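Enquirer: fold the following and give me the result.
(one chain, ligands or ions: 1)
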Amino acid sequence: MRKRILAGMALLGSAALVVSGCSSGSDSGSASGDTITVGFAQTGSESGWRSANTESMKAAFSTDNGFDLVFNAADNDPAAQIAAVRSFINQGVDAIVIAPIVEDGWDDVLTEAKDAGIPVVLEDRTVTASEDLYATWVGLDFKLEGEKAGEWAAQTFTEPTKMVVLEGTTGSAPANDRAEGFDAAIAGTPIEKIDSQTGDFTRDGGKSVMEGFLQKYGVDGIDLVYAHNDDMALGAIEAIEAAGATPGEDIKIVSIDAVHDGMQALVDGKINYIVECNPLLGDKAADLVKKVLAGDAVDKRTIVEDQAFDQAAAEEALPDRKY
Ligand code: GZL
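Expert: So this is what the prediction gives:
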């Protein structure tokens with residue numbers, strides 16, 4: 001672990017810890033060839049998107065790439081995720097990567113990491129803590145994803161439309177920003193949001209919330225479902241079919257992620273439009289960790305581009321999709 005070696009050097013003068021950070025560029029860890037020990041605090045395994053993201057991160061932070069990865073999945077529990085980060089600090093890892101479950105509550109533990117001289121890289125979701133408490137963030141523009149989904153809905157529904165929303169994890173950046181972007185895009189249209197409830201980004205959560213909406217409003221009382229991710233949309237499809245209705249026809253669905261099962265449902269006509277959210281962030285995150293440890297200047301934010309799919313585009317893209 002590089003840090004102990006550097007800690008020894010730091011005894012010669014605090015600047016040593018910063019100045020002697022190994023330069024980047026080596027394929028095997030730092031320039032001196034030392035393995036970089038990284039603690040990765042993942043949200044959990046709530047969705048198909050998360051599985052693809054974890055796979056991408058583990059592939060990038062591999063031994064062959066010069067890393068020793070300490071992995072923790074927090075089962076969508078914010079307190080457990082903060083405890084995992086605190087454990088990484090106590091282990092004295094060289095760097096910490098976090099996919100923060102929720103935006104708030106990070107100031108204390110990020111300050112502890114900074115005080116310990118351990119840089120933090122955020123991947124996927126963002127936090128409301130001060131930017132000086134983390135080195136950089138790589139992820140997606142969730143507000144734009146919501147806007148793209150809302151623009152499709154605004155173009156598609158020109159008559160009075162009753163919509164229900166399956167929200168992502170309460171307090172998470174994607175749930176907050178996808179709602180904000182979508183609502184802005186449908187402002188002034190005849191689309192009425194009659195209900196909105198979190199399904200926690202899970203398939204079971206989307207199914208049970210949709211069952212409640214169907215009991216409350218009936219199949220004929222709902223025209224459109226806006227799901228903050230494909231897993232909840234897939235759960236809603238199960239609920240709609242169990243109620244004897246046809247998803248994608250009787251009740252239309254717009255979703256975000258574009259994971260394989262969601263894209264298949266789009267090809268099958270059960271979902272009507274999907275905005276992509278690319279989970280393959282591992283290589284970018286690993287490169288940022290090496291640059292930060294080497295003391296190289298990095299942008300505070302790196303945003304990965306997304307695209308959007310209707311049924312025809314999904315039929316064309318599905319065979320070549322990596323996730
Ligand atoms: C978005 C990511 C979200 C996905 C969900 O970048 O944080 O979390 O949209 C996942 O599928 O659970």
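Enquirer: does stretch 165-180 reach the ligand?
Expert: Yes: using CB under 6 Å from any ligand atom, stretch 165-180 reaches the ligand at Pro174. In short, each C-beta sits where N, CA and C put it, glycine included.
Enquirer: gap between the two ends of that stretch?
Expert: Counting by CA to CA, to the nearest Å, you get 12 Å between the two ends of stretch 165-180.
Enquirer: quick one: it to chain centroid distance?
Expert: Distance of stretch 165-180 from its chain centroid, counting by CA atoms, centre = their mean, to the nearest Å, is 11 Å.
Enquirer: can you tell me what sits against it?
Expert: With CB atoms under 8 Å, 6 or more residues apart in numbering as the test, stretch 165-180 has contacts from 46, 76, 78, 100-104, 125-127, 140, 142-143, 145-146, 149, 193, 195-201, 205-206, 209-210, 225-229, 232-233, 235-236, 256, 277.
Enquirer: any stretches of this protein with poor pLDDT?
Expert: Across the chain, residues meeting the criterion (pLDDT under 70) sit at 1-32.
Enquirer: can you pull the residues of it lying near the ligand?
Expert: So far as CB under 6 Å from any ligand atom goes, the chain lies against the ligand at 46-47, 49-50, 124-125, 140, 174, 201, 229, 231, 256-257, 277.
Enquirer: mind listing which of the contacts of stretch 165-180 are in strands?
Expert: 193, 195-198, 225-227, 256 (DSSP state E).
Enquirer: max pairwise distance over those: which two?
Expert: Asp195 and Ile256 (18.6 Å; CB to CB).
Enquirer: next, count neighbours for Ser45.
Expert: Ser45 has 14 neighbours, counted by other CB atoms under 10 Å.
Enquirer: on that earlier part again, for the residues of the chain next to the ligand, which single residue is the most surrounded?
Expert: Neighbour counts for these (other CB under 10 Å) peak at Asn229, which has 34 neighbours.
Enquirer: I'd guessed it sits against Ala258; true?
Expert: No: with contact defined as CB atoms under 8 Å, Asn229 and Ala258 do not form a contacting pair (10.0 Å).
Enquirer: shared neighbours, the two?
Expert: Going by CB under 8 Å, 6+ apart, residues that sit against Asn229 and also against Ala258 are Cys277.
Enquirer: residue contacts, the nearest residue to Ala308 once chain neighbours are set aside?
Expert: Nearest residue to Ala308 in three dimensions, chain neighbours excluded: Val275, at 4.6 Å (CB to CB, 6 or more residues apart in numbering). Shown in contact with Val275 (CB under 8 Å, 6+ apart): 145, 148-149, 152, 254-256, 258, 306, 308-309.
Enquirer: helix, strand or coil for Val275?
Expert: At Val275 the chain is in strand, as set by DSSP: H, G, I helix; E, B strand; the rest coil.
Enquirer: partners of it in the sheet?
Expert: Ile256, Ala308 (DSSP bridges).
Enquirer: report the distance from stretch 94-106 to the chain centre.
Expert: 12 Å.
Enquirer: cool, stretch 101-118 as well?
Expert: 19 Å.
Enquirer: residues in contact with that stretch?
Expert: Contacts of stretch 101-118 (CB under 8 Å, 6+ apart): 3, 17, 43-44, 74, 76-78, 81-82, 85-86, 88-89, 92-96, 100, 119-120, 125-130, 132-134, 169-173, 176.
Enquirer: can you give me the neighbour number for Gly117?
Expert: Gly117 has 16 neighbours, counted by other CB under 10 Å.
Enquirer: Ser196 touches Val164, doesn't it?
Expert: Yes: between Ser196 and Val164 a contact is recorded at 7.0 Å, counting by CB under 8 Å.
Enquirer: just how off-centre is stretch 60-70 within its chain?
Expert: How far stretch 60-70 lies from its chain's middle: 21 Å, per CA atoms, centre = their mean.
Enquirer: now the end-to-end length of it.
Expert: From the first residue to the last, stretch 60-70 extends over 13 Å; the measure is CA to CA.
Enquirer: with that, I have no additional questions.
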